[in-house]
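Q: Take a look and give me a structure for this.
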Amino acid sequence: MKRFLVMLMRRPQVDLAIVPLHRQFLESLCAQGRNEMSGGFADKSGGAYLLRADSLEEALAIAHSDPAHTSGGWDVTVYEWNTH
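A: Sure, this is the predicted structure:
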């Protein structure tokens with residue numbers, strides 16, 4: 001599997017009630033062996049997670065099913081990451 005950096009940046013209309021659902025989503029990815037690490041930015045502007053997927057298309061499909069994305073409260077960007 002390849003690694004993808006998923007970055008989430010809060011929009012002004014963010015609903016913080018979604019955060020627990022987002023965390024549950026990340027926990028389910030961990031249980032599947034797909035989320036290597038995750039966390040919020042110190043300035044509270046958003047966060048990121050390291051996702052394992054077979055392709056960019058699969059990574060986008062997974063990231064776009066994140067409640068943070070489906071709620072419309074965060075901008076989600078996915079980058080294929082060539083880690084060493």
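Q: My guess is residue 33 contacts residue 50. True?
A: No. Under the criterion of C-beta atoms under 8 Å, residue 33 is not in contact with residue 50, lying 12.0 Å apart. (C-beta placed from N, C-alpha, C; glycine too.)
Q: of the two, who's got more company?
A: A count of neighbours by other C-beta atoms under 10 Å puts residue 50 above the other of residue 33 and residue 50, at 17 against 9.
Q: nearest spatial neighbour of that one, skipping sequence neighbours?
A: residue 36 (4.2 Å; C-beta to C-beta, 6 or more residues apart in numbering).
Q: Tell me, what's the model's pLDDT at the one you found?
A: For residue 36, the pLDDT comes out at 94.
Q: What separation do you get for it and residue 16?
A: In this structure, residue 36 and residue 16 are 25 Å apart, going by C-beta to C-beta, to the nearest Å.
Q: more crowded one of these two?
A: Ranked by neighbour count (other C-beta under 10 Å), residue 36 and residue 16 place residue 36 first, with 13 against 8.
Q: got a list of what the more buried one touches?
A: Going by C-beta atoms under 8 Å, 6 or more residues apart in numbering, residue 36 touches 3, 49-52.
Q: Just say helix, strand or coil for it.
A: strand (DSSP: H, G, I helix; E, B strand; the rest coil).
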